[in-house]
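Student: I would like to see how this sequence folds:
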Amino acid sequence: MQPGPAPAQPRAPRPAPPLTAARAGAALGAGCLGAVALVTAAATAVLATLTGGLFSSPPSSTARADIPPPMLTLYQQAAPSCPGLPWPVLAGIGEVETDHGRAPSLVSSAGAVGPMQFMPDTFPDYALPVPPGGAAPPTPWDPTDAVYAAARMLCRNGAPQDLHGALHAYNHSDSYVAEVLAQAADYAGRPALQPPSRPPTPAAATAIAFARTKLGTPYEWGGTGDPGHGYDCSGLVQAAYAAAGVPLPRVAQDQYDDTPHLPAVDPPLPGDLVFYGPSVHDATHVGLYLGAGQMIDAPHTGAVVRVEPFRRPHDHYLGATRPAPPGAP
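Tutor: Sure thing, here's the model as predicted:
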């Protein structure tokens with residue numbers, strides 16, 4: 001066994017933050033998909049900053065003062081294993097989870113363990129190959145193994161293109177995603193800006209209100225809500241926006257192709273369409289984003305129109321689009 005960096009000594013000036021819940025890695029079953037969080041406006045600005053040229057950002061004075069040198073080196077070494085992943089994101093996770101291994105206990109109330117807080121049954125999915133200096137066999141208690149596994153988990157869940165989704169898969173909490181990104185910005189020496197929030201457009205609000213009236217309606221493949229019939233996923237969002245005077249194509253792929261796409265770094269806003277599928281040429285599901293990480297959708301045969309999380313691990317999320325009324329700029 002090759003030991004990783006020795007556990008850091010406790011830091012006196014401030015107490016360790018509380019441990020967060022464990023990371024779940026369960027794959028979705030068959031049918032329509034759903035789950036990321038709407039990160040706060042501040043965190044959105046942080047993400048844009050991180051992905052705007054900080055992939056190899058040198059550590060800030062805060063990072064050098066706050067992160068034990070062996071852990072700082074480890075974050076920097078592990079990040080390239082997920083091409084494009086900013087090392088400060090790994091450091092942000094390490095800080096929020098266990099204060100870089102300095103928390104009084106490295107076992108959470110949910111059973112997550114080690115410096116990066118992996119559930120014991122989730123860690124093996126991301127443990128291999130054993131990184132240089134890691135334990136053999138790998139263990140979530142070893143800092144090297146844990147940090148490299150965290151980088152792999154983020155990568156498999158969409159990082160760096162979708163850091164929102166990847167971090168939300170790591171811990172299903174909007175506030176967690178915001179806290180990690182804010183900490184990452186601090187470690188990179190960039191401020192967390194506060195752009196103004198944006199309420200739903202009138203058309204989006206109307207579409208959401210319509211869709212909510214259909215909660216509990218049975219799913220029906222090809223359904224558009226005709227009398228005595230239900231909805232499929234694209235039929236529901238088409239009908240919702242028709243109520244707002246915004247025409248949409250009938251099927252998910254055409255809706256994906258024909259509505260304006262959001263940049264990957266922008267989180268969806270209420271009323272946006274969120275799409276899933278094997279590729280951008282094969283959109284197989286669509287939902288209507290409500291905010292706070294939730295969407296309303298008609299998921300699959302045997303289900304009903306319902307509200308559910310819009311991001312989950314391995315959900316094949318393609319991105320979001322924003323329908324606009326005819327003639328809108």
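Student: Now do the buried residues in the one helix or strand residue 63 maps to.
Tutor: The secondary structure element spanning residue 63 is helix 61-66 (assigned by DSSP states H and E). Buried positions in helix 61-66, judged by neighbour count with 16 or more other Cβ atoms under 10 Å: 63, 66. (Each C-beta comes from the backbone N, C-alpha and C, glycine too.)
Student: what do you get for stretch 314-329?
Tutor: Buried residues in stretch 314-329, counting neighbours by 16+ other Cβ under 10 Å, are found at 315, 316, 317, 318, 319, 320, 321, 322, 323.
Student: Same question for stretch 248-255.
Tutor: The neighbour-count criterion (16+ other Cβ under 10 Å) identifies 248, 251, 252, 253, 255 as the buried residues of stretch 248-255.
Student: For the fourth one, which three-state class applies?
Tutor: Pointing back at residue 253 there. Residue 253 falls in the helix class when you classify it by DSSP: H, G, I helix; E, B strand; the rest coil.
Student: pLDDT wise, what is it at?
Tutor: At residue 253 the predicted local distance difference test score is 98.
Student: Any idea how many residues pack against residue 125?
Tutor: As a burial measure, the neighbour count of residue 125 was computed by other Cβ atoms under 10 Å and equals 16.
Student: What are the phi and psi values at it?
Tutor: Backbone dihedrals for residue 125, given as degrees, to the nearest 10, come out at phi -70, psi -20.
Student: longest strand in this structure, by residue count?
Tutor: Secondary structure of the chain per DSSP state E: the longest strand is strand 285-291.
Student: That one - contacts with which helices or strands?
Tutor: Under the contact criterion of 3 or more Cβ pairs under 8 Å, 6 or more residues apart in numbering; DSSP states H and E, the helices and strands touching strand 285-291 comprise helix 202-213, helix 233-243, helix 252-258, strand 273-276, strand 294-297.
Student: Looking at these, which one is packed in the most?
Tutor: Counting by mean count of other Cβ atoms under 10 Å, strand 273-276 has the highest mean neighbour count of the helices and strands packed on strand 285-291, with a mean of 26.
Student: Tell me the strands beside it, with direction?
Tutor: Counting by DSSP bridges, the strands paired with strand 273-276 are strand 285-291 (antiparallel), strand 317-321 (antiparallel).
Student: Dump the first one to CSV, restricted to CA.
Tutor: Put plainly, it is strand 285-291. Coordinates of the C-alpha atoms in strand 285-291 are reproduced here as CSV (Å, rounded to 0.1, in the frame of the first residue of the first chain):
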residue,chain,number,x,y,z
HIS,A,285,-37.5,13.7,-23.3
VAL,A,286,-38.4,17.2,-22.3
GLY,A,287,-39.7,18.9,-19.2
LEU,A,288,-40.8,22.4,-18.1
TYR,A,289,-38.5,23.9,-15.6
LEU,A,290,-40.2,25.3,-12.5
GLY,A,291,-37.2,26.6,-10.5
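Student: List just the one of the helices and strands packed on strand 285-291 that sits closest to residue 133.
Tutor: Of all those, strand 273-276 sits nearest to residue 133, with 37.9 Å by Cβ to Cβ.
Student: Averaged pLDDT, the closest one. What do you get?
Tutor: 96.
Student: ok, the one residue sitting closest to the centre of the chain - contacts?
Tutor: For the chain, the residue nearest the mean C-alpha position is residue 165 (1.5 Å; Cα atoms, centre = their mean). For residue 165, the contacting residues are 36, 157, 158, 311, 317, taking Cβ atoms under 8 Å, 6 or more residues apart in numbering as the criterion.
Student: and the last one, what pLDDT?
Tutor: pLDDT recorded at residue 317 is 90.
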